[in-house]
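# model the structure of this input:
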Amino acid sequence: MNYKPKDFLVWGELPVRDMEQAIAFYSTVTGATLELAQDAPNPMAVFNPTDPATGVALHLHPGKPAEKGQGPTLHLAAEGALEDVMKRVEDAGGKVVSEPIQIPAGRFFYATDPDGNSVGFFEGT
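A predicted model of the protein is given here:
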């Protein structure tokens, strides 16, 4: 099969120390349903639904997150207004680390999850 996704990012994997806590955090903040898959080399929580046509997905896996300022930042869509997402981040045990930032495509803010992973949450226009 010679499949070429339309986006450069095919999938992302975020290392987490506590899978149950991470599933609860990302479910609460994004509104996504995460399913724990056992058919991979390691257990991983898979964000669903994903669209195979875009080739973009995200997984959580057991591991050690990068030190602060050392790892990548993944930007995620989340349900609702950006200010509501900011509140859910704090309520679910994460930390909001910036005010909303306006860009031509919409707005986003930076946050860290309970494991210290750097994430951004995006609201399109």
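
# what residues are up against the residue nearest the centre of the chain?
Residue closest to the average C-alpha location in the chain (CA atoms, centre = their mean): residue 76, at 5.0 Å. The contact partners of residue 76, taken as CB atoms under 8 Å, 6 or more residues apart in numbering, are 30, 58, 119-122. Where you see a C-beta, it was placed from the backbone N, CA and C, and this is true even at glycine.

# from the residues you listed, which ones fall inside helices?
Applying DSSP state H to those, the entries found in helices are residue 30.

# confirm that the residue nearest to the centre of the chain sits in a strand.
Yes. Assigned with DSSP: H, G, I helix; E, B strand; the rest coil, residue 76 falls within a strand.

# separation between it and residue 38?
Per CB to CB, to the nearest Å, residue 76 is found 24 Å from residue 38.

# and if you look at residue 111?
Using CB to CB, residue 111 is found at 29 Å from residue 38.

# so the two - more neighbours on which side?
residue 111 (22 against 7; other CB atoms under 10 Å).

# identify the bridge partners of that one.
The residues listed as beta-bridge partners of residue 111 by DSSP bridges are residue 96, residue 119.

# so what's the backbone phi/psi at residue 24?
Dihedral pair for residue 24: phi -60, psi -40, per degrees, to the nearest 10.

# what's the answer for residue 72, then?
phi -70, psi 160.

# burial measure for the residue lying closest to it once chain neighbours are set aside, as a count.
Excluding its sequence neighbours, the residue lying closest to residue 72 (CB to CB, 6 or more residues apart in numbering) is residue 118, at 7.2 Å. Counted with other CB under 10 Å, residues neighbouring residue 118 total 20.
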